[in-house]
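Enquirer: Sequence below, structure please.
(2 chains)
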Amino acid sequence: MIEILSVTGPASVQDLGRFDQSRFGVGTSGAMDDVALRAGNILLGNDENAAGIEIPMLPFKLRFDRNMAFALTGADVEAEIAGRAIPPWWRSHARAGDILTVKAMPRGARLYLAFGGGIDVPMVLGSRSTQFRGEFGGWHGRPLQPGDILPCAASTTTIGELGVEPAEITLARPNAAADETIVRVVIAGEYDGFDAATQALFWSSSWKITPQSNRYGYRLQGPAVKPKAPIEKRSHGIVPGVIQIPPNGQPIIQMRDAQTSGGYPKIATVIRADLWRVGQARLGSKLRFEQTAYGEALAAEAEMSAYLERLRTNVRLIEEIRTCR
Amino acid sequence: MPIELTDIARLAHILERSGVDTIEIEQPGQSLKLVVDTGPRMAASPTLAAPAPDHSVIAKADVAGHFLAAHPWRDKPFVAPGQRIETGAIVGLVKIGLLYAPIVAPAAGTVDAVIAEPGATVGYGTPIMRIRPLSEGSPIN
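Expert: I've put the predicted structure just below:
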């Protein structure tokens, strides 16, 4: 078990998400950076869907009450356990009583903590993810608080320290400027409702991520992008990644805790292979959209899968070498 | 536990698959060295044994790959000469594929010198760092 000693902002228990529940109006939830959560679970030999903790703000502190392997992926952080500094994207071993302290986040927006065996909260509608909107799943359907004691499934054998290359390095994209994230999008249903000049504005602008951005969605700030004529649609199904244009012309990217339906016109959708990059984009930083085609989106997804597959193979291989020795 | 022929075959297979050319295993009473002939070889990293009267300890790589003195996300190396370190402290990384394997200090002490060049190809047992142990100077021998 682990005890939360100190937490800032809405840290929550998340697995990869709650799929196939849209017909009940239940969104996916799940890790905003699913690649990072998977990498942490791969490092620990867990099921990749095992639940971990998503931490969007620091400081954060917890205590292990038994010997346990854990991994830290996602944002780059200054973390320490029992006086030892922990490098980024790293797995390590805690002894009973050890305190893990995470102080600063110099890069990225969300840290993932995975534990040997995973956090053992009940599955609700097929997932351990916290559903903030419905207040269920995760740890009592709410953000973590100091004093919370989270049960962990039985940990496997003792494993040595090991790190992996962060996804951001392996899957690096040609970035224009520092503090600007370029994400690939495909055009969506109402794209043609905007005239050519407005479409060009959407592509060329650098969009600021406002403080009104969280797990539900990111509200962006930039030049007003308005359709040729007001578009009023009945509410229809939407998924994380959809970029809507409300009447003020300031885009909203729907994220993991988004509603399952909405009526605003959709100009584009972030491809699944780049959604984690949005999840790691910091408040106040800039986003730029790059148009891509369906085929390229699939290729990007294949590239992401290849990275994860290499992680699995590499981790297995070094375990084998160490066992032989 | 004796090393069986099947273990050796398995090891050879792993070496071949991973592109690692040498592995050395030492256990009480037995040692095994496997060398895979991979054609033209790069200059093998010489085993720079510390001079005999030197009491310093050497942090070594325990897997083949490329030596990294700093994490790619960080400007500062893990340790710098003159720095005090504890037993088990991470003094560098070996990058092998997508993995970063830690190189750890075998003893507490002061970092004397970083022997390996950042980016250099290292193998099992390649000396990485010389550490002056805390107990140096005290007549323990």
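
Enquirer: which residues touch A:Q131?
Expert: A:R18, A:V26, A:G27, A:S29, A:V124, A:G137, A:G138, A:G141, A:D257 (Cβ atoms under 8 Å, 6 or more residues apart in numbering or on different chains). Where C-beta positions appear, they are placed from N, C-alpha and C, glycine not excepted.

Enquirer: wait, the fourth one sits on A:G17?
Expert: Right, A:S29. Yes. Using Cβ atoms under 8 Å, A:S29 is in contact with A:G17, at 5.7 Å.

Enquirer: With neighbour numbers in mind, choose between the two.
Expert: Between A:S29 and A:G17, A:S29 has the larger neighbour count (other Cβ atoms under 10 Å in any protein chain shown), namely 33 against 20.

Enquirer: Report how many residues lie close to the closest residue to A:I81 other than its chain neighbours.
Expert: Leaving out its chain neighbours, the residue that sits closest to A:I81 by Cβ to Cβ, 6 or more residues apart in numbering or on different chains is A:L100, at 4.8 Å. A:L100 has 21 neighbours, counted by other Cβ under 10 Å.

Enquirer: Adjacent strands (with direction) for the helix or strand hosting A:T73?
Expert: Secondary structure assignment for A:T73, by DSSP states H and E: strand A:68-76. Partner strands and pairing direction for strand A:68-76 (DSSP bridges) are strand A:90-94 (antiparallel), strand A:107-115 (antiparallel).

Enquirer: between the ones you listed, which gets nearest to A:I267?
Expert: Comparison of the strands paired with strand A:68-76 against A:I267 by Cβ to Cβ identifies strand A:107-115 as nearest, at 23.4 Å.

Enquirer: Figure out how far that closest one is from the centre of its chain.
Expert: Computed by Cα atoms, centre = their mean, to the nearest Å, the chain-centroid distance of strand A:107-115 equals 8 Å.

Enquirer: and that strand, C-alpha only, in CSV?
Expert: This file holds the C-alpha atoms of strand A:107-115, laid out as CSV (Å, rounded to 0.1, in the frame of the first residue of the first chain):
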residue,chain,number,x,y,z
ARG,A,107,9.5,19.8,-18.7
GLY,A,108,6.1,18.4,-19.6
ALA,A,109,2.8,18.7,-17.8
ARG,A,110,1.9,15.4,-16.3
LEU,A,111,3.9,12.9,-14.3
TYR,A,112,2.9,9.2,-14.1
LEU,A,113,3.7,7.0,-11.2
ALA,A,114,3.2,3.3,-11.8
PHE,A,115,3.6,0.6,-9.2
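
Enquirer: Return the set of buried residues in it.
Expert: A:G108, A:A109, A:R110, A:L111, A:Y112, A:L113, A:A114, A:F115 (16 or more other Cβ atoms under 10 Å in any protein chain shown).

Enquirer: Could you work out the most separated pair of those?
Expert: Greatest spacing in the buried residues of strand A:107-115, by Cβ to Cβ: A:A109 and A:F115 (21.4 Å).

Enquirer: from the buried residues of strand A:107-115, which is closest to B:P127?
Expert: For these, the nearest to B:P127 is A:A114 (33.9 Å; Cβ to Cβ).

Enquirer: near chain B, which residues of the stretch 201-325 of chain A show up?
Expert: A:Y307, A:R310, A:L311, A:T313, A:N314, A:V315, A:L317, A:I318, A:E320, A:I321, A:C324, A:R325 (Cβ under 8 Å from any Cβ of the partner chain).

Enquirer: List only buried entries from the residues you listed.
Expert: The buried subset of these - by 16+ other Cβ under 10 Å - is A:Y307, A:R310, A:L311, A:N314, A:V315, A:L317, A:I318, A:E320, A:I321.

Enquirer: So which bits of the stretch 1-150 of chain A are right by chain B?
Expert: Checking the stretch 1-150 of chain A against chain B by Cβ under 8 Å from any Cβ, the hits are A:D76, A:R84, A:A85, A:P87, A:P88, A:W89, A:W90, A:R107.

Enquirer: ok, and the closest non-adjacent residue to the fifth one?
Expert: Leaving aside its sequence neighbours, A:P88 sits nearest to A:D76 (Cβ to Cβ, 6+ apart; 4.8 Å).

Enquirer: How about the contacts made by the residue positioned nearest the centre of chain B?
Expert: Closest residue to the average C-alpha location of chain B: B:A61 at 1.6 Å, with Cα atoms, centre = their mean. Taking Cβ under 8 Å, 6+ apart, we find B:A61 in contact with B:F67, B:V94, B:A101, B:I103, B:A116, B:V122, B:G123, B:Y124, B:G125, B:T126, B:I128.

Enquirer: Residues in a beta bridge with the closest residue to chain A within chain B, which ones?
Expert: With Cβ to the nearest Cβ as the measure, B:Y100 is the residue of chain B nearest to chain A, at 3.5 Å. Counting by DSSP bridges, B:Y100 is bridged to A:G163, B:K95.

Enquirer: Let me know the pLDDT of it.
Expert: We have a pLDDT of 97 for B:Y100.

Enquirer: May I ask you to confirm that it is in contact with A:P87?
Expert: Yes. B:Y100 lies in contact with A:P87 (Cβ under 8 Å); the separation is 7.3 Å.

Enquirer: out of the two, which sits in the more crowded spot?
Expert: Here B:Y100 and A:P87 are compared on neighbour count by other Cβ under 10 Å; more neighbours surround B:Y100, at 25 against 20.

Enquirer: contacting residues around that one?
Expert: Neighbour list for B:Y100: A:P87, A:W89, A:W90, A:L162, A:G163, A:V164, A:E165, B:L68, B:H71, B:L93, B:V94 [criterion: Cβ under 8 Å, 6+ apart].

Enquirer: Hmm, the residue nearest to A:P88 is touching A:R282, no?
Expert: No. Counting by Cβ under 8 Å, A:D76 does not reach A:R282; the two are 11.5 Å apart.
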